[in-house]
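Student: Sharing a model prediction with you, sequence too.
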Amino acid sequence: MISFTWLPEAGLAHNAKDIPLPADWNEVTGYIKITSDNIIKIINPNPEFGQNVMTSLPMMVAEELDVEWKKVVVEMGPHDSVKLGPQFTGGSNSMRMYWRPLREAGAAARNMLMQAAAQTWGVPIEEITTKAGMLYHEKTGKSGKYGEFASKAAGIAIPKGVKLKDVKNFKIVRSSQKNVESSKIVSGKPLFGLDYTHEGMLIAMIEHPPAFGMKLKTFDASQSLKMPGIKDVFSMKLYEDGFEQGGFDTRTFNDLLVVVGKTTWEVMQARKKLVVQWEPAGEIKEKIGGRGGAREVIVPGELETSSAQYAKMQEYANKPGQVVRKDGDPETAFKNAAQVIERTYNAPFLAHNCMEPINFFAHVTDEKALVAGPLQAPGWSEPTLAKLLNLPADKIEIQMTRMGGGFGRRAYGHYLYEAAVISKKVKAPIKLIYTREDDMTYGIYRPMYTATYRAALDANKNLIAFSVKGGGIPEHAIHANRFPAGAVDNYLAETWQIPSNITIGAFRAPRSNFNAAAEQSFLDELAEAMGKDPIDFRLELLKRAKEKPVGKNNEYDADRYAGVLKLLKEKSGWGKPENNKYHRGVAAYFCHNSYAGHVVDMVIRNGKPYVERVYSAMDCGIVINPDAATNMVEGAVIDGIGNAFYGKLSHKEGKAEQNNFNRYRVIRHSEVPKKIEVYFVQNDLDPTGLGEPPFPPVFGAVANALYKGTNKRYYNQPFLDPATQNNNTNTNKKTF
Amino acid sequence: MIKLNINKKPIEVDVDPETPLLWVLRDTIGLVGTKYGCGMAQCGACVVHLNGVAVRSCVTKVSRAVGQKVVTIEGLSENNDHPLQKAWMELDVPQCGYCQSGQIMSAAVLLNENKNPTDQDINNAMEGNICRCGTYLRIHNAIKLAAEIQRKDSK
C-alpha cells in the first residue's frame, strides 16, 4: 500500500511546494512527472496572476492522464519554451492556447504508461485499460499503479496524435475544483515576487524623474551614502543609445538613479536624502523591434497637462481621421437623414495598481543569470535580457512567482531588465522594489481615449447609417470590424492618435475596455431615440448581421452574441415589473474570442449610486473550472464598477496627480453589489478567454443604469468624479 | 536590541526603533505573509494584530510593539484552521491572493469582537482593505460563513 500521509489535507489537489516529496521523479512528458511511489506531479506552464491557471491548466492534463485529481500535486514551471510551450499570461489566452497541448500531453503520457505496462506484461496495448491512476489487463487479472511503470514510460518516445477524450465524458474538467494554492494564500506562505529571497540578497530602488518628459541632470548622494545599511548609490542607463528594444519592453525613464542597501526601509530612508536635479528630456528617439523589423519612434518632450490633453483630443476629434472601414455610402446617408444623433465619449489614463507593487529579483554574474518574480510574458523578455546581459539564452534562468495582480502591467519587461543590470553592476543578488508611488507614477497606463459616435435615422426612425471616429493619447481604441459593423448598411470607422511621452500598455481588455463603455452607452441612447427596448434593438441588429451581413471581416459570431443577450434577458427577468424598483442598465460586448453581457441593477441612496445586483451572461465555450470562472466574472464586474465610477490618472505638467491610494480612488468593500449571478451559455465549443471579456461591458451597463437613476447621460469617465463631470471641454452632445 | 513577542514567540531584533513593524516582520524576521501595498495605511494589506487590535504595520513603528503581543497571518492558527481560513478555502475566495492575509487579519478582529456581524458591521470593518481583483463579495460571504463556523465550534 502506498500511503498518502504526506498530503496533509486529503480532499484537495496540492501545490507541490507545500509538502515534502520524494525526489525520484520520472519525467513522462515536460508537463508530467511521476515517482515510483505513484505521486503524480503536473507542471503548470503559465504564470499565475489570479486567473487560477495553477488549478485550471493542470486539470486538463489530469483529465486525459486519467488520475484522481485530489492526489495530484501541482508545481509552477520555470521558463522553458521547449518543454512548456508559449508560457504567456495575457489576452485571455491561457485556456485557449493550452487547451489542446495539455490534453495531448495527458493523453500521450497515459499512452506511454499503457505501452510500458503492455511491454512488462507481454500483452497487446489495445487490451490495457486505465482508471484513476491504475493500469489494468482484464484477461490476466494484472494491474498496477502508474508509478510502477513511470520509469519505463519515461524512456518511451512521446507519441503524437493520441485520441483525446470526448468532452462529454470529462470527469475533472467542467467540474468545480478548488484553488490548489488557497491553503498557502490564507496562511501567508511566501508566494509572490516580493516574498522571494536569496542568500546575500540586497534591496535596490530606483529614483525616477518626478514627471514624464524629465530626465536626470545631476545628483548628490553624499547624505544617502551615510545612512545605515546603504551599500551604493549610482546612476546608469537601462538601454544604451541605439539599443533595439523588444516590442513589449517599454521604457518610461532610461536613466536609473539606483540606491542599494540591506533592507527595504533603509533604502526608502536613503532615497529621501538624495539631492537630485532633473531637467527636461526633450524629444527622444527610440528603436523598437518587432514584426517587420525595427522602427524608430519619436517620443515628444512636452510636459503634459490633462486639461490641455482633453482640449487637444477635442481638436483632433473635429478633424477627419484615417478611414479604417467603410461600408455603403455613409456620407450620403448622413446627409439625407431625418435625424442625426452624435455623442462624444472620453476616458482618462488608468493605472493598473496591482496590489503587489512592481518588483523583481536578479542575480547576474559574468557566466549566468537567475531572475525571478512576477512576470506575465517570460518569452517576450528573454531575448532583450540576453542582449542586455550579453549572455546566451541557455545561461538565463527565469522563474515566475505568483503575481499579486497583473491586469496587463506585468507583460512589460522593463523592471526585470532594471533588476538584472543593477545586479550585474553591483555584483550581488538584488531585489528591485518599486514603492506604491514609484509604481503608480511610472506609466504604462491604459491610454486616454475619445470616440465620437453618430447614427442616422430616416423619417420612420430606421437606422440607416452608423459611424465612429476614435482617437487617443497615444493610441486609439477602435476595433473597426466589431459590432455594429456588419449590421448597418452604411458604416464608417475612422481613427487618429496623438503621440505622448506618457507610456501606455495593455490594461485588462485593451481598447475594448473603452469601446464597450462608449459604444454600449451610445446604442442605449439610440434605442431610446428609436423607441425600442435596448436588448431587442441589439437583437434586431444581430439578426441582420446574421442573415444579411454587411461588409467583410466581421469579427464576431452574431448567434453567440445574441445567445448571451437572450440568456441575460431570461435570467435577469428583463421587463418584469418586480424589477422596476431598480434602475436597470444593460450592455454586451465581444472581445478576446468570448461574449459577455451584464444587467446592472442600481439604486440611489443619499444621492449616491450603488450597484445592488448584477446578472452576467457569458459564452466562452467549454468552462474548465466553473466556480473559478464565476469568481473571475464577479471580479471583473466589481473591477468594472470601480473603474467606471472612480478610475483616473491625471497629469499636471507631466507629473501624475495621483501617486497612492489616498488620491487614486478604487472601489471598496461597501460599494460592491450584494449579489452577482453569473450564467454561462452551455455548449461544447473549444474554450476561449474569460479574464478580460466580462470587464468591458460593465462600464456600458453602469452608464446606462446611471442614466435611469439620474435622468442624465454619462459620457465622461470616471462617472463619479466631480472634476470630470464638470469639465466642459470634454462634453459633446449633438442632435440635429 | 528590541524585544518583541511575535506569534507567541519571543524574538530580539537589532533595528532602528523608528522602522515600521511591516519591514521588521518581512525583511528582518522573514515573516512575509504580511504584505506591503501602499506604505500609508490606505490599503490594509499589512494588517496585523497588536494585543488583539488590528493595526496597519506599515505605519506602526516597531517600538510601539514592544511589550505587546503581535500576531501575524502566520500565527492566526496552528493548522490553518481558523474559521476565517476554513471559510476562505471553502468559498475559494482568492484570485491573486496578495491582499487576502490583510483581509483575513482585519476580519479576525471583527469576529473576535462581534460573533454575529451584520452586513453593515462587515462593511465598516472591511472598508480599509483594498482588493484589486474584486473578490469583495466572496470576502463578505466568507466572513459570514466563518461567523457561522465560529458559533458552531463554540457550542
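Tutor: Arrived safely, thanks for sending. In this text, all values refer to a predicted model and were calculated from it rather than measured experimentally.
Student: ok, now which ones touch the residue of the stretch 301-450 of chain A found nearest chain B?
Tutor: With C-beta to the nearest C-beta as the measure, residue A:404 is the residue of the stretch 301-450 of chain A nearest to chain B, at 3.0 Å. To be clear about C-beta, it is placed using only N, CA and C from the backbone, and glycine gets the same treatment. Shown in contact with residue A:404 (C-beta atoms under 8 Å, 6 or more residues apart in numbering or on different chains): A:192-194, A:354-356, A:374, B:35, B:96-99.
Student: Residue A:242: neighbour count?
Tutor: For residue A:242, the count of nearby residues is 8 (other C-beta atoms under 10 Å in any protein chain shown).
Student: Might one say that it is in contact with residue A:287?
Tutor: Yes. Between residue A:242 and residue A:287 there is a contact under C-beta atoms under 8 Å: 6.3 Å.
Student: so what's residue A:85 scoring on pLDDT?
Tutor: pLDDT, residue A:85: 94.
Student: what about it, how many residues close to it?
Tutor: Residues lying near residue A:85 (other C-beta under 10 Å) number 19.
Student: Contact partners for it?
Tutor: Contacts for residue A:85 (C-beta under 8 Å, 6+ apart) come out as A:45, A:97-98, A:101.
Student: Which of these sits closest to residue B:50?
Tutor: Among the contacts of residue A:85, residue A:45 lies closest to residue B:50 (C-beta to C-beta), at 42.4 Å.
Student: Need the per-residue pLDDT for the closest one.
Tutor: So, for residue A:45, pLDDT stands at 97.
Student: dump the residue contacts of it.
Tutor: For residue A:45, the contact set (C-beta under 8 Å, 6+ apart) comprises A:31, A:57, A:77, A:84-85, A:87, A:98, A:102.
Student: Contact partners for residue A:406?
Tutor: Contacts of residue A:406 (C-beta under 8 Å, 6+ apart): A:47, A:49-50, A:89-90, A:352, A:354, A:374, A:376, B:96.
Student: mind running it again at 10 Å?
Tutor: Residue A:406 sits next to A:47-51, A:89-90, A:352, A:354, A:356, A:374-377, A:506, A:508, A:691, B:96, B:132-133 when contact means C-beta atoms under 10 Å, 6 or more residues apart in numbering or on different chains.
Student: show me where pLDDT drops low in chain A?
Tutor: A:1-22, A:727-736 (pLDDT under 70).
Student: Quick check: can you list the domain ranges of it?
Tutor: Taking automatic domain parsing as the reference, chain A has its domains at A:14-186, A:193-287+A:358-433, A:320-350+A:445-735.
Student: same check, this time on chain B
Tutor: Residue ranges for the domains of chain B, per automatic domain parsing: B:2-75, B:83-153.
Student: And these: which comes nearest chain A?
Tutor: domain B:2-75 (1.8 Å).
Student: how far out from the middle of the chain is the closest one?
Tutor: Here the centre of domain B:2-75 is set off from its chain's centre by 10 Å, with C-alpha atoms, centre = their mean, to the nearest Å.
Student: What's the mean pLDDT across it?
Tutor: Mean per-residue pLDDT for domain B:2-75: 98.
Student: from chain A, which residue is nearest to chain B?
Tutor: Counting by C-beta to the nearest C-beta, chain A gets nearest chain B through residue A:188, at 1.8 Å.
Student: quick one: that residue and residue B:34 touch, right?
Tutor: Yes. Applying C-beta atoms under 10 Å as the test, residue A:188 and residue B:34 come out as touching, 7.0 Å apart.
Student: Common neighbours of the two, please.
Tutor: B:72-74, B:101-102, B:105.
Student: quick one on the thing from earlier: helix/strand/coil for the residue of the stretch 301-450 of chain A closest to chain B?
Tutor: What DSSP: H, G, I helix; E, B strand; the rest coil gives for residue A:404 is coil.
Student: Not counting residues beside it along the chain, what's closest to it?
Tutor: Closest residue in space to residue A:404, ignoring its immediate chain neighbours: residue A:356 at 2.4 Å, by C-beta to C-beta, 6 or more residues apart in numbering or on different chains.
Student: that's a helix at residue A:563, yeah?
Tutor: Yes. Under three-state DSSP, residue A:563 falls within a helix.
Student: Look at it and say how many residues are nearby.
Tutor: Neighbours of residue A:563 (other C-beta under 10 Å): 18.
Student: same deal with the one 10 residues further on?
Tutor: Residues near residue A:573, counting by other C-beta under 10 Å, number 13.
Student: what sits against residue 84?
Tutor: In the absence of a named chain, this looks at chain A. Residue A:84 makes contact with A:30-31, A:43-46, A:77-78, A:98, A:101, A:105, A:378-379, according to C-beta under 10 Å, 6+ apart.
Student: um, chain B though
Tutor: Here residue B:84 is in contact with A:186, B:76-77, B:93, B:100, B:103-108, B:110-111, B:139, B:142-143, B:145-147, B:149-150 (C-beta under 10 Å, 6+ apart).
Student: What ranges does the stretch 1-150 of chain A have for its helices?
Tutor: Using DSSP state H, counting those that start in this stretch, the helices of the stretch 1-150 of chain A run over A:53-65, A:81-84, A:94-121, A:146-154.
Student: which parts of the second one are buried?
Tutor: When burial is assessed from 16 or more other C-beta atoms under 10 Å in any protein chain shown, helix A:81-84 yields the following buried residues: residue A:84.
Student: The stretch 501-650 of chain A against chain B: which residues are in contact?
Tutor: A:614, A:625, A:627-628, A:630-642 (C-beta under 10 Å from any C-beta of the partner chain).
Student: any idea which helix is longest in chain B?
Tutor: helix B:136-153 (DSSP state H).
Student: Run through the neighbouring helices and strands of that helix.
Tutor: Here helix B:136-153 touches helix A:626-646, strand A:675-680, helix B:83-90, helix B:100-113, helix B:119-126, going by 3 or more C-beta pairs under 10 Å, 6 or more residues apart in numbering or on different chains; DSSP states H and E.
Student: mind putting these in CSV, distance to residue A:208 included?
Tutor: Rendered in CSV, the data for those read as follows (distance: least, C-beta to C-beta, whole Å):
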stretch, distance to residue A:208
helix A:626-646, 25
strand A:675-680, 39
helix B:83-90, 37
helix B:100-113, 27
helix B:119-126, 33
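Student: nearest to residue A:426, of these?
Tutor: Across these, closest to residue A:426 is helix B:100-113 (C-beta to C-beta), at 31.4 Å.
Student: Tell me which other helices or strands the closest one touches.
Tutor: helix A:182-186, strand B:47-50, strand B:53-56, strand B:69-71, helix B:83-90, helix B:119-126, helix B:136-153.
Student: Which one of these lies nearest to residue A:214?
Tutor: Closest of the helices and strands packed on helix B:100-113 to residue A:214 is strand B:53-56, at 32.2 Å (criterion: C-beta to C-beta).
Student: Given the closest one, what are its sheet partners and their directions?
Tutor: strand B:47-50 (antiparallel) (DSSP bridges).
Student: before we move on, back to that, so can I have JSON lines of the shared contacts of residue A:188 and residue B:34 showing distance to residue A:291 and neighbour count?
Tutor: Shown next, in JSON lines, are those (distance: C-beta to C-beta, whole Å; neighbours: other C-beta atoms under 10 Å in any protein chain shown):
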{"residue": "B:72", "distance to residue A:291": "48", "neighbour count": "24"}
{"residue": "B:73", "distance to residue A:291": "46", "neighbour count": "29"}
{"residue": "B:74", "distance to residue A:291": "48", "neighbour count": "20"}
{"residue": "B:101", "distance to residue A:291": "42", "neighbour count": "28"}
{"residue": "B:102", "distance to residue A:291": "43", "neighbour count": "29"}
{"residue": "B:105", "distance to residue A:291": "48", "neighbour count": "27"}
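Student: which one of the residues you listed sits closest to residue A:451?
Tutor: Among the shared contacts of residue A:188 and residue B:34, and counting by C-beta to C-beta, the member closest to residue A:451 is residue B:102, at 38.3 Å.
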